[in-house]
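Visitor: no sequence for this one, just the structure:
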């Protein structure tokens, strides 16, 4: 959003001046996407909530640092979320999937849902086995729907480097998913 | 674009040529339009892309509302980074305070030196000024 007093840029200018109401509007607008991205990167709802909260707190604290001429607000927010998710993934004891989350369902679509859940688990495990930045490349490009340029900006790399990350990730995932095992 | 180039890019970037790097798109569309084998390969890759995309995580409105409230409260309890912090960087508080005091003292001393009175008698200054003025106007002494 640009050009109006309700745009991300205008709200960020107010946030930088300490306007908490503007911050609330900005958070309400972008929180769902931030949580979704964090959950896709970590595979864990509790971690995703913590990461999204910390990301918006950083937006609040460092609002004066954001330069709209260098990066869109959403790019900046995505970058914060990705970095926090990568940092959290390095913490000891981190687990991407909730092993206790099983399906107890006897409805008519139960088999379909179980199959969907198994497929989602396979994908999550294969993604989790990728190096951090390759996983982020797949999530940003295929799941979050960013263009290669946008995703490269989020990761702070050139488009050619992003293309390389994405290509290696796709090869590894194809091998893992087709073979039914995680990429090495 | 040759068949092998197309297949390589297909594996690297996925089935949708509109999401490929801009310089490859036209060649990809031409290759697809002329070669049914490539179209079949594209359909197989599209199935793989759908697997990668997966279903979005289920984030219900109640969870989002709780999180939004938490974020708002936490922000109101958190001080923002000020202009002073941006200027001084992330140095420790005491170092920043000492630097500020040193700059203040330096500024005070410089200002004091500039505005301090000279030792010359005041009458001498006036006489000198008066002589200069008469010389400047017409060269005659009065």
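Guide: Structure received. From a predicted model like this one, the values you see are computed outputs, not experimental measurements. Numbers count the residues shown, from 1 in each chain, chains lettered A, B, ... in the order given.

Visitor: and residue 57, what pLDDT?
Guide: No chain specified, so I'll use chain A. On pLDDT, residue A:57 comes in at 96.

Visitor: The chain in question should be chain B.
Guide: We have a pLDDT of 89 for residue B:57.

Visitor: mean confidence score for the longest helix along chain A?
Guide: Counting by DSSP state H, the longest helix found in chain A is helix A:20-42. In this model, helix A:20-42 has a mean pLDDT of 96.

Visitor: Next up, the contacts around residue A:21.
Guide: Not one residue lies near residue A:21 by CB atoms under 8 Å, 6 or more residues apart in numbering or on different chains. Bear in mind the C-beta positions are built from the backbone N, C-alpha and C, glycine included.

Visitor: Starting from residue A:61, give me the distance back to it.
Guide: To residue A:61, residue A:21 is 17 Å away according to CB to CB, to the nearest Å.

Visitor: any weak-confidence spans in chain B?
Guide: Chain B contains residues with pLDDT under 70 at B:83-93, B:117-142.

Visitor: Up against chain A, what does it have?
Guide: B:11-14, B:19, B:21, B:48-49, B:51-57, B:59, B:63-64, B:67-68, B:70-72, B:74-76, B:78-83, B:86 (CB under 8 Å from any CB of the partner chain).

Visitor: let's see it at 7 Å
Guide: Residues of chain B lying close to chain A (CB under 7 Å from any CB of the partner chain) are B:11-13, B:19, B:21, B:48-49, B:51-57, B:59, B:64, B:67-68, B:70-72, B:74-76, B:78, B:80-81, B:83, B:86.

Visitor: got the residue ranges for the helices in the chain?
Guide: Here I'm looking at chain A. Assigned by DSSP H, chain A shows helices spanning A:8-16, A:20-42, A:45-61, A:73-89, A:110-128, A:132-138, A:148-155, A:159-179.

Visitor: not what I meant, chain B
Guide: Assigned by DSSP H, chain B shows helices spanning B:3-13, B:22-34, B:36-53, B:61-76, B:83-88, B:93-115, B:122-137.

Visitor: quick one: buried residues of the fourth one?
Guide: Think helix B:61-76. Using 16 or more other CB atoms under 10 Å in any protein chain shown as the test for burial, helix B:61-76 gives B:64, B:67-68, B:70-72, B:75.

Visitor: can you check the first one too?
Guide: With burial defined by 16+ other CB under 10 Å, the residues of helix B:3-13 counted as buried are B:6-7, B:9-10, B:12-13.

Visitor: what's it packed up against?
Guide: Counting contacts by 3 or more CB pairs under 7 Å, 6 or more residues apart in numbering or on different chains; DSSP states H and E, helix B:3-13 packs against helix A:159-179, helix B:22-34, helix B:36-53.

Visitor: Please work out which of those helices is packed deepest.
Guide: For the helices and strands packed on helix B:3-13, the largest average neighbour count (mean count of other CB atoms under 10 Å in any protein chain shown) is found in helix A:159-179, namely a mean of 18.
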